[in-house]
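> Got a predicted structure plus its sequence, pasted below:
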Amino acid sequence: MCSPRFSFYSQSPADKWKLLFVFISVLYFDNAFSQSSYSATGKASFYAKKFEGRNTASGEKFSNKNFTAAHRTLPFGTLVKVTNLSNSKTVVVRINDRGPFIKGRIIDLARIAADSLDFIQAGWAMVKVEEVFPIIVDTAFVLRDTSLFRFPLDWLGNWQGDLKVYTATGLKQVVPMELHILPTALPDRFSWIISYDSLLRNYELVVRDSLQKIYSLDEKNGIDISSSLLSNHFLSRFFVEGQFIESEYTLQSKDEMTFEIHAGNNEHEWSTGNVFTQNDSIPKVEVFTIRVLQIAALHRMKE
């Protein structure tokens, strides 16, 4: 019997891996291009707060701060673009739950996604839901490993959206917001300009320790706010004029960013703990109250 000209088993270990990779790649792309794209129009709703922390049908913990959604039939992990037909605002979410089970509704969104589409007050919206394939919008894969975003290079650009201000009594104010992150002549400094309505704040992002992911926002008036990068979250914490403030910028995808500020008095409301027993002791805990929430969904402006 003649030996075959080619045998997988006769290849070196390195060549076997190369061949296996090519084989898997062919299967993946062939399958991806052969899929039919899901598209539907109907009502969208959003999760009630009582579902926070509960298990979804996929086994994940639900969070109203994640861009996820429930759908009756689409496989878990499917990415869909949801467009609010009344204002043309869009958002991309990942399916990780089943529902909604109310007639006429086709998707149930996490609150942050519904807020991005601007229908929190209305309670529902007519939307178009379209499946997005990872090979077409490959940045969606970054949601699984957000450390792949390079800071600040992938953040550079001009961003805009609406900043919403909440207190204990509800939504107090909505103002236009813009964020401009641009390079300068220096490799360790970037322009960081924030505009709330007509108020312009011209800051500078300074690289302090790239290894430890330590940066600062220099306000150019003697105030320099230390900031940290954790995965795709850019975080600052500081006291100013009796207020304790935490700010967080989160790059969700190459075209979407969220911004949050939590603020409250820097004097603690009360203390608890500080209990000593025979076998254990409870540390003293000073409790602070958050009084104001500011949140914005920013989208990359077209050049």
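The structure has been received and is ready for your questions.
> how near is Gly264 to Leu235?
Applying Cβ to Cβ, to the nearest Å, the value for Gly264 to Leu235 is 17 Å. (Glycine included, C-beta is placed from N, CA and C.)
> Helices of the chain, residue ranges please.
13-34, 111-116 (DSSP state H).
> quick one: which of the ones you listed has the weakest pLDDT on average?
Per-stretch mean pLDDT for these is lowest at helix 13-34 (a mean of 45).
> what bits of the chain have low per-residue confidence?
1-36, 134-148, 303 (pLDDT under 70).
> Which strand in it has the most residues?
strand 170-183 (DSSP state E).
> got the CA positions of that strand in PDB?
C-alpha atoms of strand 170-183 as PDB (Å, rounded to 0.1, in the frame of the first residue of the first chain):
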ATOM      1  CA  GLY A 170     -35.600  61.500  41.300                       C
ATOM      2  CA  LEU A 171     -34.300  63.000  38.100                       C
ATOM      3  CA  LYS A 172     -33.400  66.700  38.700                       C
ATOM      4  CA  GLN A 173     -31.600  67.800  35.500                       C
ATOM      5  CA  VAL A 174     -30.500  66.800  32.100                       C
ATOM      6  CA  VAL A 175     -27.700  68.700  30.400                       C
ATOM      7  CA  PRO A 176     -25.800  68.100  27.200                       C
ATOM      8  CA  MET A 177     -22.300  66.800  27.800                       C
ATOM      9  CA  GLU A 178     -19.200  66.500  25.600                       C
ATOM     10  CA  LEU A 179     -15.800  64.900  26.300                       C
ATOM     11  CA  HIS A 180     -12.800  65.600  24.100                       C
ATOM     12  CA  ILE A 181      -9.700  63.400  24.600                       C
ATOM     13  CA  LEU A 182      -6.900  64.500  22.200                       C
ATOM     14  CA  PRO A 183      -3.200  64.000  21.900                       C
END
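> Tell me which strands that strand pairs with, and in which orientation.
Using DSSP bridges, strand 170-183 pairs in its sheet with strand 157-167 (antiparallel), strand 189-196 (antiparallel).
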